[in-house]
Each structure stands twice: as structure tokens, then as C-alpha cells.
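Trainee: Here is a sequence with its predicted model. Questions after.
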Amino acid sequence: QVQLAESGGGLAQAGGSLSLSCVVSGGIFITWNMGWFRQAPGKEREFVAAISPYTGATNYADSVRGRITISRDNAKNTVFLQMNSLKPEDTAVYYCATGPSARLGGSGYSIWGQGTQVTVSS
């Protein structure tokens with residue numbers, strides 16, 4: 001059974017940085033696209049970034065492009081989200097996700113982690 005476990009959330013000041021990690025167990029890591037999503041209080045969950053297991057191709061939401069970088073370490077079954085130049089509007093619970101139909105555009109994700117809280121103070 002595939003399981004995802006996020007870590008690395010916390011409190012940061014505006015302009016600061018945080019790095020999130022997501023460890024994948026279940027043996028599928030190298031075959032499915034991986035993505036990060038977030039959900040702020042009172043808002044719907046939104047796509048943040050995704051990465052391909054084969055080419056390393058990435059895709060980002062416009063709201064984070066240039067400030068956030070997704071990467072993966074196939075040997076460690078881990079996907080990362082490096083967040084720089086943080087803004088208060090980045091405050092949300094961040095989830096990593098995957099699935100056999102997961103697409104770089106943000107659709108088709110069916111397996112989710114438990115989420116990690118990121119809070120950015122102004």
C-alpha cells in the first residue's frame with residue numbers, strides 16, 4: 001500500500017524560507033508523477049507544483065513560480081519542496097500526492113499524505 005509522509009512545515013517570517021519533504025513508501029515512487037498541493041483556511045485545495053519521475057520535468061502554479069522549487073531523490077523515495085521569499089498568503093496545509101493517473105498539470109492525484117502546516121507571518 002502506497003503511503004506518503006510529509007515533514008518540514010513550521011513557522012516562517014515573510015521573505016524567509018522553508019523546505020518540505022515527502023517520503024513515499026510502497027514501491028511506486030519512480031513510476032508516478034509527484035505533486036504538492038496546499039489548502040488555506042476557508043479555501044479549496046490548490047495545486048502548487050509537480051514533477052515527473054522520468055524526465056524531471058516540472059510544473060508550477062503561477063502564484064509560486066520563481067519562489068518555489070520541486071525536486072525529487074529517487075534513491076531516497078523522497079520529493080522536496082523548497083519555498084523561498086515566503087509570503088503570508090503561502091500560509092496553508094501542504095500536501096504531497098501521487099497516483100497512477102497523476103498529471104503534471106495537477107489533475108488525477110488519488111493518494112495523499114496527511115499534510116504539514118506552513119505558517120508565514122508578516
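Mentor: Right, received. Where do you want to start?
Trainee: what's the closest non-adjacent residue to the most centrally placed residue in the chain?
Mentor: Central residue check for the chain by C-alpha atoms, centre = their mean: the C-alpha nearest the mean position is that of Trp36, 2.4 Å away. If you skip the residues right next to it in sequence, Trp36 has Val48 as its closest partner in space, 4.4 Å away by C-beta to C-beta, 6 or more residues apart in numbering. (C-beta placed from N, C-alpha, C; glycine too.)
Trainee: And Lys76, its phi and psi?
Mentor: Dihedral angles phi and psi of Lys76 (degrees, to the nearest 10) take the values phi -110, psi 10.
Trainee: circling back to that earlier point, parallel or antiparallel, which strands does whichever helix or strand the residue nearest to Trp36 is part of pair with?
Mentor: In this assignment (DSSP states H and E), Val48 forms part of strand 46-51. Partner strands for strand 46-51, per DSSP bridges, with pairing direction: strand 34-39 (antiparallel), strand 58-60 (antiparallel).
Trainee: So which bits of it are buried?
Mentor: For strand 46-51, burial by neighbour count (16 or more other C-beta atoms under 10 Å) applies to 47-51.
Trainee: Just the closest of those to Ala75, please.
Mentor: Distance ranking of the buried residues of strand 46-51 against Ala75, using C-beta to C-beta, places Ile51 first at 15.0 Å.
Trainee: wait, doesn't the closest one sit right on Phe80?
Mentor: No: using C-beta atoms under 8 Å, Ile51 makes no contact with Phe80, being 9.4 Å away.
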